[in-house]
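> A predicted structure for the sequence below; I have some questions about it.
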Amino acid sequence: MIVLGIETTCDETAAAVVMRDDDPGHPGPGRILSNVVRSQNDAHAAFGGVVPEIAARAHVEVLDGIVAQAMADAGLGFDALDGVAAAAGPGLIGGVIVGLTTAKAIALVHGLPLVAVNHLEAHALTARLTDGLAFPYCLFLVSGGHTQIVAVTGVGAYERLGTTMDDAVGEAFDKTAKLLGLGYPGGPEVERAAQAGDPRRFALPRPMQGRPQPDFSLSGLKTALRLEAERIAPLSERDVSDLCASFQQAVTDTVADRLAAGLALFARRYGRATALVAAGGVAANQALRAALRGVAERAGIALAVPPPALCTDNGAMIAWAGAERLAHGLTDGLDVAPRARWPLGEVRGVHILEGQPA
Ligand code: KG4
Ligand code: ZN
């Protein structure tokens, strides 16, 4: 089963072709035949964040070429495809419309089934593309827009166990970078600065620590950091490094605590998880990865973290999710609507219990 996937929900324009075994239940890892990603970072850097109108315009300008490139890299014509998938949300609506409309046009012209993929679902299923992971597993989705702990029990079967009450973890990194005069996107900049810093110099809070419900809150941490920065201003390079290191330590401690609560809740609901899976741009952070290894080890389960290029937004994850849905007959009509908001719990699908065929 060969599927073209299109991703345009934020500031990456991406298209990819992915192959999946026909077995609906246990497909094994997928094969990425092509994966083209064009980031718009430069277009938004001057504004310190993604500007929706600029993003939508940029998607329109480059998407046709990106799709053509993905098909050429795969060495395939559209007639070789079994389906076409696009992220239909959640995300910036202008971009979502561009990607979904393009996928509809391809589906219509070439008589292919269309799959409207939830962007979060695509992150959730990536570990099956890379590791051939079986259900059920516990997903930690940690990006600029999302911080969620999700039970993944089948294709289209997701329960959100915990989420952030305010900022996403990536957003907190980006705001910290902005506050300290570092570049955009902020996460990698904060991580770099933190390497030279002292994580114990500033006593920052660990919000929600010890609570059984695995939710997050990061705005208090952000405020505490700002107050410390204002207190010692003007900031030397050393101060910036120490602030970044202290911030990153507070975040990783918080994540470790919240995820332990999440895994405990998962075990109560679904029994043993096949793995803890991390996805989203922030999963590229090395300190965070180390914390995740500790959490998984203490829970006695494996940790699966897709390679960085598949953790950040890409077309391969959309194509793979499309193939997974297609294998279960979960296709969509050409009238399917793009959605700015689309919680994982509202995705339709099939529960696949461990050890059972679909
Ligand atoms: O998944 P992603 O590419 O886009 C979405 O938000 O959907 O994630 C981007 C986020 C940004 O907030 C960025 O600052 C953060 O991931 N990020 C990092 C690192 N690399 C990217 N945060 C912390 N450390 C990093 N190394
Ligand atoms: Zn994403």
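Noted; the coordinates are in hand. Ligands and ions are numbered 1, 2, ... in the order given.

> need the helices for the protein, in chain order.
Assigned helices in the chain, in chain order: 41-45, 52-74, 93-110, 119-131, 169-179, 186-195, 219-232, 237-270, 286-299, 308-311, 315-327 (criterion: DSSP state H).

> Now do the longest one against helix 186-195: the angle between them, please.
Following axes from the mean of the first three to the mean of the last three Cα atoms, to 10 degrees, one obtains 120 degrees for the angle between helix 237-270 and helix 186-195.

> Over to the second one?
Between helix 52-74 and helix 186-195, the angle formed by their directions is 90 degrees, by the same axes, to 10 degrees.

> For stretch 103-116, what is the distance to the chain centroid?
Offset of stretch 103-116 from its chain centre (Cα atoms, centre = their mean, to the nearest Å): 25 Å.

> quick one: which of the helices of the chain is nearest Thr8?
Nearest to Thr8, of all the helices of the chain, is helix 93-110, at 3.3 Å by Cβ to Cβ. Placement of C-beta: from N, CA and C, glycine included.

> one step back: could you dump the helices of the chain to CSV with distance to ligand 1 and mean neighbour count?
Below are those laid out as CSV (distance: least, Cβ to the nearest ligand atom, whole Å; neighbours: other Cβ atoms under 10 Å):
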stretch, distance to ligand 1, mean neighbour count
helix 41-45, 10, 13
helix 52-74, 12, 18
helix 93-110, 12, 21
helix 119-131, 7, 26
helix 169-179, 3, 23
helix 186-195, 2, 21
helix 219-232, 13, 16
helix 237-270, 8, 21
helix 286-299, 7, 17
helix 308-311, 7, 17
helix 315-327, 10, 31
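
> Quick check, central residue of the chain?
Nearest to the geometric centre of the chain sits Gly280, at 3.1 Å (Cα atoms, centre = their mean).

> Tell me which of the helices of the chain sits nearest to ligand 2.
Ranking these by their distance to ligand 2 (criterion: Cβ to the ion) puts helix 119-131 first, at 5.6 Å.

> what angle sits between that closest one and helix 93-110?
Using the same axes, to 10 degrees: helix 119-131 against helix 93-110 is 60 degrees.

> how near is Arg57 to Gln40?
To Gln40, Arg57 is 10 Å away according to Cβ to Cβ, to the nearest Å.

> Please apply the same query to Thr126.
From Thr126 to Gln40 the distance is 21 Å (Cβ to Cβ).

> doesn't Glu12 make contact with Ser39?
Yes: under the criterion of Cβ atoms under 8 Å, Ser39 makes contact with Glu12 at 5.4 Å.

> Get me the contact residues on the stretch 151-300 of the chain for ligand 2.
Within the stretch 151-300 of the chain, not a single residue sits near ligand 2 (Cβ under 5 Å from the ion).

> Nearest residue to the one residue in the stretch 51-200 of the chain that gets nearest to ligand 2 in space, please, no chain neighbours.
Of all residues in the stretch 51-200 of the chain, Ser143 sits closest to ligand 2, at 4.8 Å by Cβ to the ion. Counting by Cβ to Cβ, 6 or more residues apart in numbering, Gly280 is the residue found nearest to Ser143 once chain neighbours are left out, at 3.3 Å.

> who's in contact with that neighbour?
His123, Leu141, Val142, Ser143, His146, Gly170, Cys311, Thr312 (Cβ atoms under 8 Å, 6 or more residues apart in numbering).

> Look up the pLDDT of the nearest residue to the fifth one once chain neighbours are set aside for me, please.
When you say that, I think you mean His146. The shortest distance from His146 to any non-neighbouring residue, by Cβ to Cβ, 6+ apart, is to Ala168 (5.5 Å). Note on Ala168: pLDDT of 96.

> wait, Ala168 sits on Lys175?
No: using Cβ under 8 Å as the test, Ala168 is too far from Lys175 to be in contact (10.2 Å).

> what's the offset of the lowest-mean-pLDDT helix or strand in the chain from the middle of its chain?
None of the helices or strands of the chain scores lower by mean pLDDT, DSSP states H and E than helix 41-45, at a mean of 78. Computed by Cα atoms, centre = their mean, the chain-centroid distance of helix 41-45 equals 20 Å.

> Could you do stretch 10-30 as well?
15 Å.

> More neighbours: which of Ser39 and Glu12?
Glu12 (21 against 16; other Cβ atoms under 10 Å).

> Look up how far ligand 2 lies from the more buried one.
Distance, Glu12 to ligand 2, using Cβ to the ion, to the nearest Å: 8 Å.

> Can you tell me how far that residue is from Leu344?
Distance from Glu12 to Leu344, by Cβ to Cβ: 20 Å.

> these two touch, right, Gln286 and Ala194?
No: contact criterion Cβ under 8 Å: Gln286 and Ala194 do not qualify, at 9.8 Å.

> Tell me which residues touch the closest residue to Pro338 other than its chain neighbours, please.
Spatial nearest neighbour of Pro338, excluding adjacent residues (Cβ to Cβ, 6+ apart): Val96 at 4.2 Å. Contact analysis of Val96 by Cβ under 8 Å, 6+ apart lists Thr8, Thr9, Ala87, Ala88, Gly89, Pro338, Arg339, Ala340.

> Select only the buried ones of these in PyMOL?
In PyMOL, this line selects whichever of the contacts of Val96 come out buried by 16 or more other Cβ atoms under 10 Å:
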select buried, resi 8+9+87+88+89+338+339
